[in-house]
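[1] any chance you can model this:
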Amino acid sequence: MAPSPLPLELIYHIVDHLSNDRSSLKNCCLSASAFVYACQKHLHHMLRLEAGKYASWDAVVEHFQQSPHLVKYVSRLDIEVDWPLDINQLSINPKFFLQFTNLETLLIMADTDPSWHSVPDAITVALSTLLVERSVRPLRHLRMCNLDDISPDLVILALNATNYLTLWLCIGSELIPEANPGKHTRAPVVRSPRKTVIVSYSGTLLQTLAWPQLRPYLSSIASFKVDGDEDLFDPLLALYVLLAPTIPEIHFPSVQDIFVEPEGAAALALALPSSWPALRTAYAYIKNRKELEEEPSWMLTQLLANVLVPHSTPNLIEIRIIFEVDMAGPQLEGPSFAPATPIVWQLNATTLAALDAACASHPTLVALHWTISIRTYLRHHRYADSDHALLEFAACCEALERALPKTKSSGRLRMEHHERPTD
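    Residues are numbered from 1 along each chain as shown. Have a look, this model is predicted:
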């Protein structure tokens, strides 16, 4: 009698342990027919293509022509579009990517900051065709990395084609777009489902997003976040003005991520919008203890003045403050420092009192949620950094509870610790 086959659940469990080892997956696939399906699914989960490697494109095309049933396993597609040696050697059917009907994640990336207009037409046409097609059934995530000369038309295609758009280290086009979209085919405006957009280290794209061609699409954005390294604030403020009427969730960057130094009367001219009628959740990022212990940052001041105001945010439910702080140097290395004893938190009473009053009195606010991430460096003490971080977290929570009594008594104050690894 032939032995009974293994249960499918056990086969999947075995193969899952090999998911990051392609060589073992191939060997397992050849070992027994019972493993073929599970191994093929992992082997074809992610497909990576590089513009400069023509042979690999040809091999992939031939592979799926011979085994068309395998296209259903491709859920992630990574395309590297660096300038190839000879663009004439690359030929792709414009509808090549449409066969991957179960595609969920698309990554378009480069290492050399190529202009999008320098990418071979064979690739841009095939990608544009895919993006237009997926405007009806959006991708779960579209990530564009290290690309130059991103046009408003391409951003429109991307917005329509995904529920989650990340633009990282990208540079927006400096040219005013023509009425004719050119080689990019426009997709119809799709405002549902609502979109999440993250712009990281891509300050010039803030201006692109605010161009007239894109404004009708901004109402489809449900969550917007920008971070980077001293992005210019003027284009960000202009974009906030356009987003404020319809955005349900906003992530306000830390002062380390934007370049703004208002002083005196100049601060009044750099104010956040005073009306956020659809806003339900606002995130604020603080990466320096001085913002809470000394003078409040511009962003925290604006949060109090233009967001935590009932008539400005009639639908506000939650304020989430992401407080990240690194502790090192003399404060943790001095001769009087005891690793089992936290430092004394000296929070700014005026700032915290204003925050306490605003949160306790806002009629729709449900929670002021603090996510506190403290990372310590104890190089000269035999004491785990993570253990001391927990001590500092507890001390920080006690200080915040003392400084926010009204919010705490109303049941709106919530705090959690988020551990970050020590480099």
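[2] give me the mean pLDDT for stretch 10-22.
    The average pLDDT for stretch 10-22 rounds to 65.
[3] and the helices in the stretch 101-250 of the chain?
    Remark: helices assigned in the stretch 101-250 of the chain by DSSP state H, counting those that start in this stretch are 121-133, 152-161, 204-209, 233-243.
[4] quickly list what Arg76 is bridged to.
    Met46, Thr105 (DSSP bridges).
[5] quick one: neighbours of it, just the number.
    Under the neighbour criterion other C-beta atoms under 10 Å, Arg76 is assigned a count of 17. Any C-beta I mention is one placed from the backbone N, CA and C, and that applies to glycine too.
[6] coming back round to it: now mean pLDDT, distance to Arg143 and mean neighbour count too, for the helices of the stretch 101-250 of the chain, in a markdown table please.
    Formatted as a markdown table, these follow (pLDDT from 0 to 100; distance: least, C-beta to C-beta, whole Å; neighbours: other C-beta atoms under 10 Å):
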| stretch | mean pLDDT | distance to Arg143 | mean neighbour count |
| --- | --- | --- | --- |
| helix 121-133 | 91 | 13 | 20 |
| helix 152-161 | 92 | 10 | 24 |
| helix 204-209 | 86 | 14 | 22 |
| helix 233-243 | 89 | 20 | 18 |
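[7] can you lay out the ones you listed as JSON lines showing distance to Glu419?
    JSON lines is the format used below for the helices of the stretch 101-250 of the chain (distance: least, C-beta to C-beta, whole Å):
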{"stretch": "helix 121-133", "distance to Glu419": "38"}
{"stretch": "helix 152-161", "distance to Glu419": "34"}
{"stretch": "helix 204-209", "distance to Glu419": "32"}
{"stretch": "helix 233-243", "distance to Glu419": "30"}
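[8] what's the closest of those to Met299?
    Proximity to Met299 (C-beta to C-beta) singles out helix 233-243 among those, at 10.0 Å.
[9] what about the closest one, distance to the chain center?
    Relative to its chain's centre, helix 233-243 lies at 18 Å (C-alpha atoms, centre = their mean, to the nearest Å).
[10] who's in contact with that helix?
    By C-beta atoms under 8 Å, 6 or more residues apart in numbering, the residues outside helix 233-243 that reach it are 203-204, 206-207, 209-210, 215, 218, 221, 224, 226, 250, 253, 258-260, 270, 272-273.
[11] coming back round to it: figure out which of the helices of the stretch 101-250 of the chain is closest to Phe97.
    For the helices of the stretch 101-250 of the chain, proximity to Phe97 was assessed by C-beta to C-beta; helix 121-133 is nearest, at 4.1 Å.
[12] tell me how far that closest one lies from the chain's centre.
    For helix 121-133 - counting by C-alpha atoms, centre = their mean - the centre lies 24 Å from the chain centre.
[13] could you export it as PDB, CA atoms only?
    Output in PDB follows, covering the C-alpha atoms of helix 121-133 (Å, rounded to 0.1, in the frame of the first residue of the first chain):
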ATOM      1  CA  ASP A 121       9.900  53.700 -24.000                       C
ATOM      2  CA  ALA A 122       9.400  49.900 -24.000                       C
ATOM      3  CA  ILE A 123       9.400  50.000 -20.200                       C
ATOM      4  CA  THR A 124       7.500  53.300 -19.600                       C
ATOM      5  CA  VAL A 125       4.800  52.300 -22.100                       C
ATOM      6  CA  ALA A 126       4.400  48.800 -20.500                       C
ATOM      7  CA  LEU A 127       4.300  50.300 -17.000                       C
ATOM      8  CA  SER A 128       1.900  53.100 -18.000                       C
ATOM      9  CA  THR A 129      -0.400  50.400 -19.500                       C
ATOM     10  CA  LEU A 130      -0.300  48.500 -16.300                       C
ATOM     11  CA  LEU A 131      -1.000  51.600 -14.200                       C
ATOM     12  CA  VAL A 132      -4.000  52.500 -16.300                       C
ATOM     13  CA  GLU A 133      -5.400  49.000 -16.100                       C
END
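[14] what ranges does the stretch 201-350 of the chain have for its strands?
    221-227, 231-232, 249-252, 258-259, 281-286, 318-327 (DSSP state E, counting those that start in this stretch).
[15] put together CSV for the ones you listed, with mean neighbour count, mean pLDDT and distance to Ile108 on each row.
    What follows is these, written out as CSV (neighbours: other C-beta atoms under 10 Å; pLDDT from 0 to 100; distance: least, C-beta to C-beta, whole Å):
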stretch, mean neighbour count, mean pLDDT, distance to Ile108
strand 221-227, 20, 92, 20
strand 231-232, 18, 62, 22
strand 249-252, 20, 94, 23
strand 258-259, 18, 65, 26
strand 281-286, 20, 94, 27
strand 318-327, 19, 89, 28
